[in-house]
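J.: give the three-dimensional model of this entry:
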Amino acid sequence: MIYNRKCILLTVIIFLFIGIGQVTIAQDITQTETGPASWYGSKYHGRKTSSGERYNKNDMTAAHKTLPFGTKVKVTNLANNESVVLRINDRGPFVGNRIIDVSEVAARKLDIHSRGIANVKVEVIEIDGKTVAAAAPVEPEIYSIQKGTYSSEELALQQTERLKAFDKYLTVELMEEKVQGKKIHKLKIGRFEDKQHAEAFNELLKDEGLEGVVAKL
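T.: Coordinates of the predicted model:
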């Protein structure tokens with residue numbers, strides 16, 4: 001009788017342990033944080049991150065203290081409700097009570113570039129390649145920036161060199177078309193996971209007089 005009671009108690013304990021563990025995991029996956037965000041930019045461009053990737057100030061990435069690399073989060077500036085979807089590929093920030101460090105292009109989109117810091121909400125939307133329930137779907141289309149209607153290939157190549165000087169990692173594709181029997185040259189700049197990323201990068205190009213038109217591939 002005592003043996004049976006021990007078995008029942010052990011079963012209950014195991015059940016409670018497993019149940020609590022599952023709840024804890026679910027809470028971690030659907031984690032939402034609020035707190036200060038900062039950004040890091042040009043002086044870190046090209047350096048290795050904690051994940052082994054090279055930091056690119058023009059990519060929609062971020063540093064977080066604990067979230068697994070590859071996790072996608074939605075970051076919302078609570079002052080203006082601007083939001084971006086970022087992929088975690090680095091560790092940090094390790095200053096004060098800051099909860100996330102975003103890339104330079106993300107900082108511009110969130111309108112915290114000039115301020116340096118802002119209060120944000122961070123929501124996990126994808127972890128280990130699995131979309132978290134109740135998260136907003138991430139638009140799957142690929143976008144690029146299309147630039148120019150150049151009459152000569154030489155002019156198009158000059159623009160390509162300027163773009164490569166701006167970001168050596170940037171992919172630039174030269175295209176040829178015929179319009180009313182005349183050959184023209186256009187540039188297809190980058191491949192972006194979503195429209196907001198393409199638009200934010202186009203804003204950076206605008207500062208250099210290199211902007212184009214965002215289009216879906």
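J.: what residues are up against Phe192?
T.: Each residue near Phe192 by C-beta atoms under 8 Å, 6 or more residues apart in numbering is listed here: Ile142, Tyr143, Ser144, Ala198, Phe201. Where you see a C-beta, it was placed from the backbone N, CA and C, and this is true even at glycine.
J.: ok, which stretches of the chain are strands?
T.: Read by DSSP state E, the chain holds these strands, from start to end of the chain: 32-40, 61-63, 72-77, 83-90, 100-103, 117-127, 130-131, 143-150, 172-179, 182-192, 213-216.
J.: sorry, back to before: drop anything exposed from the contacts of Phe192.
T.: For those, a burial check counting by 16 or more other C-beta atoms under 10 Å picks out Tyr143, Ser144, Ala198, Phe201.
J.: and those, which is closest to Met60?
T.: Minimum separation from Met60 among the buried ones among the contacts of Phe192 (C-beta to C-beta) is found for Phe201, which lies at 8.9 Å.
J.: is Arg162 in contact with Leu205, as I believe?
T.: No: between Arg162 and Leu205 there is no contact under C-beta atoms under 8 Å: 9.8 Å.
J.: show me the shaky parts of this protein.
T.: Regions of the chain meeting the criterion pLDDT under 70 cover residues 1-30, 133-140.
J.: repeat that with 50
T.: Confidence mapping of the chain against pLDDT under 50 gives the ranges 1-3, 5-6, 8-10, 12-30, 135-136, 138-139.
J.: and Lys43, how many neighbours?
T.: Using other C-beta atoms under 10 Å, Lys43 has 8 other residues around it.
J.: quick one: residues contacting it.
T.: Under the criterion of C-beta under 8 Å, 6+ apart, Lys43 has no neighbours.
J.: distance of it from Tyr55?
T.: Remark: distance between Lys43 and Tyr55 (C-beta to C-beta, to the nearest Å) = 10 Å.
J.: now, among the buried ones among the contacts of Phe192, which is nearest to Val105?
T.: Using C-beta to C-beta, Phe201 comes nearest to Val105 of these, at 5.7 Å.
J.: the closest one and Val84 touch, don't they?
T.: No: using C-beta under 8 Å as the test, Phe201 is too far from Val84 to be in contact (11.8 Å).
J.: which neighbours do these two have in common?
T.: Between them, Phe201 and Val84 share no contacting residue, judged by C-beta under 8 Å, 6+ apart.
J.: tabulate the strands of the chain in CSV, adding columns for distance to Ser51.
T.: Output for those, formatted as CSV (distance: least, C-beta to C-beta, whole Å):
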stretch, distance to Ser51
strand 32-40, 15
strand 61-63, 9
strand 72-77, 14
strand 83-90, 5
strand 100-103, 13
strand 117-127, 15
strand 130-131, 19
strand 143-150, 24
strand 172-179, 26
strand 182-192, 20
strand 213-216, 28
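J.: per-domain residue ranges of the chain.
T.: By the assignment in automatic domain parsing, the chain contains the domains 30-131, 143-216.
J.: okay, now Gly129: neighbour count?
T.: Gly129: 8 neighbours (other C-beta under 10 Å).
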